[in-house]
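*Asks:* Here is my input; please provide its structure:
(2 chains)
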Amino acid sequence: MDTGWQQFRRGLSLRLKVMVMLILMCCGTCATTLKLLHLGTVLPPLMIDRTSGVLETMRRDVEFAVYAGVPIEHLRGVPDYAAELAAETPEIKAINFHILTDRDRFQRERLIIAQMPSGTAQMRNTEPFFSRLVATVRMLVTADGDQISEVVRTEVRAYGEPVAQITAELDMGYLRNRMLDTLLDTLIVVMAAILFSLEMLMVPVVQSLITPLQAIQRYLVKMGQGEFIQSGLKLRIGKAWRFLAALQQRNALLRQRAENQAVGHARKEARTFIQRRLPVQQRVTEIAIFDARLPLFVALFAEGLLTAWMPLYARSLPNTLAPWVPDTLAIAVPIAMFTAALIVAMAVSRLWWDRVPLRLNAIGGLLLSIAGLVGASFANDIGMLTLARAVSGAGLGLLRVACVDYALSVPHHAADRHDEDGFSKAFLTSGVTGLAIGAVLADWAGPGIVFVIAAGVSVFAMVISLILMDGAIGARTSRARTNVSERLAPVRAIFTNRRVGLSVLLFAIPLSLLDRGFILFLVPLALSDMGLPQSLISHVITAYALLMIGGYAIWAGILSEEKGFVIPACATLGLIGLGLIALGARFETHAWIVTVLLVGATAGLTRAFRSRVLTAAAIGEFTLPQVEFQKGFTFQIGGFVGPLMAGVIMMMFGLEAVPYIIGFVLVTSTVGLALLSFSNLFAKELSNA
Amino acid sequence: MLKLYRFHINVLLSIWFVVACLLGLQLGLNYLKYQSLVIDTTSARLQIAGSTIETVARRAEQVGLGLDEIRNLDSIIDREMRREPLIDTIRIVAIDGAEIGTTANEPLPDGDLNRLMRRITIQDSPTARLEIGDTLHSARRIIDSTGSMIGAVVISSHRGNYRPEVLRAHRETLKGFMIVFCVIAGAVVPLVLFGFKKVGRVMAVFEEANLNAVEPLDDLDEDDVADQMRALIIQGNRAYAEACDELEALVADDASKTGAR
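*Replies:* Got it, this is the predicted structure:
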């Protein structure tokens, strides 16, 4: 029975996933094609317009000189000026200045008519769709932009007579790069949309089918055993629910008949019949982990939107913190304060926890988060940004605790393994999808708009929490009345429990340093210093995140089935550390990009292993949601220390020193883990992981 | 025959929603990108005039004149205004924020001017642009012989000058995206119906369930959830019938006891 049921559920999820992926990929392909065609149609006229503007400026400058009395033949520095203008304008490949001779003047008309073959003309809207498509594909796959080129000309006149011609050759490589940028952005958005939709929509859809089917199955099994209970579930619309209602109605009739009999002469037998066949209806709680997971997922997604570009944004703002805080450190302050406020809120919220329902806490947290995001969109300096981010952090801290506690309130029989796994995966998936989309949005629309979008998404999270979370859970339930000391036990264990403390110190914090201090803080700043545009930096960070989550999904699956990955995981951590130490010596763009991508490809294993180590160390004493709370708390410590540490190292030794030191921390952790794996102190947890 | 159940409708609505969101996001990004490109181009066109004025100011500075000492500044500004129909106002602003020459009736609000000046000061590029409300401001640094900034030329253009072009292109893309949505939304329907045939079979069990049937099933596939449900229903019916019989027996017993008394 269970095998068929599991197969059914697994098959359902798999089909839904594959279907959504295929449909979204198909949709993404169509959207990309349309966008590329649109770009191919509208960009060349804009490029020509812009180039004409540059040529017009040059023409006026040359004419100014000619009118000032300098003969055109004696004008000096024109080629340099032309080269300077071409370098300033990425759309222009080269500008040529040509003084017209008498012969040229004679042939001028023919010159203008005999344009070079115009590839972009094929992309214009008037052309049939198919030829535009072919021209666009050709543009994308042509390695050398020279094959398709377009020329813009203007004439310098002196006293009404043409004396020179300025010619600008458009750089079709620029158009191709723009198209490739669009292609990459679209791919990223599609991948993020797939991840997001699987979590946001497919889980509830499957749940909407599985919940009544499971209820009916339980109900029928009980009936088969001769027990005719009431399900206790709130009935909803749908065939399955209607069937359940019919069964309940039939059972209610039986009960009615038996109760009527219980007042007759055979009352003893009738009562025994009722007790045996129609036991007292059990109260069925309808809350599910999923109810808390969804608002948390959406809120973390909103925060993730800001992750990729926050260091660069902070650097663009004036430092108003204090005269003694140097600029390099000031960049790290808004990011670190966000995490600090989050940690403080997570701990402080325990003071009023037993008096306020969890949903109210979650909504309060979301309101704070929204206020912070709106405030950040108005921030004109680092001081204001820090304040706004701290408010958001505090809000997210409240929300996290409320959602984790809500998951804790779900009775164990109602929460299956699938839900609990999903709860922990939601943290990672939401952050990564947010990061991917946020990077593209910031590049296209600017950070100000992304703050507003993030606030809008958080409002959506608030609406979801209002709909899904049960307002009665929290203050009035017995589970919520546990004392503060018990509730803080998972956090206290980090400092008091040797196993938990070691796993946090040797694995969780170093990896958070790598993630928050290096990848998400230092890399954007370093790549920007190397002259990389924002769009490329965003792509690098997003590629890292997608590689990491892909690797994490694979490794989490493997590690949940098999053990004995201590050596590969520790070796990977050590190799990443050595890679960072090597990187410190090479301040070159390609070395940094390759390192970031390699870290992304391998970080999945270390992250999944970190999760297993922490779970193995704490699971004996705590439930899975408590372990999740503990993990979240631990990662935030790394999130606070990481950027600050990177900022301080940057301030003291320069940007190049940061990879050295983070690499050194990782290598030290690996050595520590290796030593411990041989001792009895920690070997069990490592081997269990 | 394939039948559309509530689950199928849920899946369809969800997929349509996701597709609409994805296309909406792509459309929004496309709009923002194109708007940014058009603003860039418009700004570059405005800066033709800006460059001319900056050249005049620089040459004046080279012969020892300050920005406020250039005599024909207003006529140069007027000439540039006439040349470029996109320009609404031109302002020459000193480094301290004072407007030296302008075609505008009112000075630029302090907040806007500060934002613009900050942007042009911190950027590497000699020009900067900023869209505030319905106006695009494009600024160009004026630099003296030592390379220091002494002021800026701020040229403004109303959004209405370039926005129709953005909207026109947006409408065209929107049409394309609508077609894509309709095609995909239509293609998804048979896909969902065929893909979730098993769910349909389970739902059909509930729909056709006979609460009186007690005969065992002949061809029961133990791995099939629909068959399992059917078997469970029959098992439940049988148990129910037994319970009814038991209750009937109680009633009969009670009746006989009452009769005996």
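
*Asks:* next one: phi and psi at the nearest residue to A:G434 once chain neighbours are set aside?
*Replies:* Ranked by C-beta to C-beta, 6 or more residues apart in numbering or on different chains and with sequence neighbours excluded, the top spatial neighbour of A:G434 is A:G304, at 2.1 Å. Just so you know, the C-beta spots here come from the backbone N, C-alpha and C atoms, and that holds for glycine as well. Main-chain torsions, A:G304, degrees, to the nearest 10: phi -60, psi -30.

*Asks:* mean confidence for stretch B:65-79?
*Replies:* Stretch B:65-79 carries an average pLDDT of 79.

*Asks:* and the stretch 351-500 of chain A, which residues reach chain B?
*Replies:* Within the stretch 351-500 of chain A, the positions adjacent to chain B are A:437, A:440-441, A:444-445, A:449 by C-beta under 8 Å from any C-beta of the partner chain.

*Asks:* So which bits of the lowest-mean-pLDDT helix or strand in chain B are buried?
*Replies:* With mean pLDDT, DSSP states H and E as the measure, the helix or strand of chain B carrying the lowest mean pLDDT is helix B:225-260 (a mean of 76). Across helix B:225-260, burial judged by 16 or more other C-beta atoms under 10 Å in any protein chain shown covers B:225-240, B:243, B:246-247, B:250-251, B:253-254.

*Asks:* again with stretch B:113-133
*Replies:* Residues of stretch B:113-133 classed as buried by neighbour count (16+ other C-beta under 10 Å): B:113, B:115-117, B:119-120, B:126-130.

*Asks:* what do you get for stretch A:328-347?
*Replies:* Buried residues in stretch A:328-347, counted by 16+ other C-beta under 10 Å: A:328-343, A:345-346.

*Asks:* Contacts only, for A:L511.
*Replies:* A:L511 makes contact with A:573, A:603, A:606-607, A:610, A:638 under the criterion C-beta atoms under 8 Å, 6 or more residues apart in numbering or on different chains.

*Asks:* Considering these, which is situated nearest to A:I519?
*Replies:* Within the contacts of A:L511, proximity to A:I519 (C-beta to C-beta) peaks at A:A603, which comes in at 8.4 Å.

*Asks:* Pretty sure A:I549 is one of the things the closest one touches, is it not?
*Replies:* No: applying C-beta atoms under 8 Å, one finds A:A603 not in contact with A:I549, separated by 9.5 Å.

*Asks:* Where is the longest helix in chain A?
*Replies:* Ordering each helix of chain A by length in residues (DSSP state H) puts helix A:2-67 first.

*Asks:* just the angle between it and helix B:225-260, please?
*Replies:* Angle, helix A:2-67 to helix B:225-260, by axes from the mean of the first three to the mean of the last three C-alpha atoms, to 10 degrees: 140 degrees.

*Asks:* Tell me where chain B has strands.
*Replies:* Under the criterion DSSP state E, chain B contains strands at B:89-94, B:99-102, B:127-132, B:135-143, B:149-158.

*Asks:* actually chain A, not the one I wrote
*Replies:* Using DSSP E, strands in chain A cover A:92-99, A:151-158, A:161-170.

*Asks:* quick one: the longest one near chain B?
*Replies:* I take that to be strand A:161-170. No: applying C-beta under 8 Å from any C-beta, one finds strand A:161-170 separated from chain B by no less than 12.9 Å.

*Asks:* For that strand, name the packing helices and strands.
*Replies:* Here strand A:161-170 touches helix A:2-67, strand A:92-99, helix A:102-113, strand A:151-158, going by 3 or more C-beta pairs under 8 Å, 6 or more residues apart in numbering or on different chains; DSSP states H and E.

*Asks:* Which positions within that strand qualify as buried?
*Replies:* Residues A:163-170 are the ones in strand A:161-170 that count as buried (16+ other C-beta under 10 Å).

*Asks:* which residues are contacting that strand?
*Replies:* So strand A:161-170 is contacted by A:44, A:47-48, A:51, A:54-55, A:58-59, A:62, A:66, A:72, A:82, A:86, A:91-100, A:104-105, A:108, A:111, A:120, A:149-157 (C-beta under 8 Å, 6+ apart).

*Asks:* Identify, by residue count, the longest helix of chain B.
*Replies:* Counting by DSSP H, the longest helix found in chain B is helix B:6-62.

*Asks:* and the closest residue to chain B within the stretch 351-500 of chain A, how many neighbours?
*Replies:* The nearest approach of the stretch 351-500 of chain A to chain B comes at A:A445, 4.4 Å away (C-beta to the nearest C-beta). A:A445 has 19 neighbouring residues, counting by other C-beta atoms under 10 Å in any protein chain shown.

*Asks:* is chain B contacted by stretch A:326-342?
*Replies:* No: Stretch A:326-342 lies apart from chain B when judged by C-beta under 8 Å from any C-beta; the minimum separation is 12.1 Å.

*Asks:* Export that stretch to PDB, keeping only CA atoms.
*Replies:* The C-alpha coordinates for stretch A:326-342 follow below in PDB (Å, rounded to 0.1, in the frame of the first residue of the first chain):
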ATOM      1  CA  PRO A 326      37.400  54.500   7.300                       C
ATOM      2  CA  ASP A 327      35.600  54.200   4.000                       C
ATOM      3  CA  THR A 328      36.700  50.600   3.400                       C
ATOM      4  CA  LEU A 329      35.200  49.500   6.800                       C
ATOM      5  CA  ALA A 330      32.100  51.600   6.300                       C
ATOM      6  CA  ILE A 331      31.200  49.500   3.200                       C
ATOM      7  CA  ALA A 332      30.900  46.400   5.500                       C
ATOM      8  CA  VAL A 333      28.900  48.100   8.200                       C
ATOM      9  CA  PRO A 334      25.400  48.100   6.600                       C
ATOM     10  CA  ILE A 335      25.800  44.400   5.700                       C
ATOM     11  CA  ALA A 336      27.200  43.400   9.100                       C
ATOM     12  CA  MET A 337      24.600  45.500  11.000                       C
ATOM     13  CA  PHE A 338      21.800  43.800   9.100                       C
ATOM     14  CA  THR A 339      23.000  40.400  10.400                       C
ATOM     15  CA  ALA A 340      23.800  41.800  13.900                       C
ATOM     16  CA  ALA A 341      20.200  43.100  14.200                       C
ATOM     17  CA  LEU A 342      18.900  39.800  13.000                       C
END
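
*Asks:* Walk me through the regions of the stretch 51-200 of chain B where pLDDT falls short of the threshold, as ranges.
*Replies:* Low-confidence segments of the stretch 51-200 of chain B, defined by pLDDT under 70, are located at B:123-124.

*Asks:* and it, which of its residues are near chain A?
*Replies:* B:51-52, B:55, B:118, B:122, B:125, B:169, B:172-173, B:176-177, B:180, B:183-184, B:188, B:191-192, B:195-196, B:198-199.

*Asks:* Can you tell me how far A:T307 is from chain B?
*Replies:* As judged by C-beta to the nearest C-beta, to the nearest Å, A:T307 and chain B stand 18 Å apart.

*Asks:* now do A:L278
*Replies:* Distance from A:L278 to chain B, by C-beta to the nearest C-beta: 9 Å.

*Asks:* how many neighbours does that residue have?
*Replies:* By the criterion of other C-beta under 10 Å, A:L278 has 20 neighbours.

*Asks:* which ones are touching it?
*Replies:* So A:L278 contacts A:227-229, A:251, A:254-255, A:258 (C-beta under 8 Å, 6+ apart).
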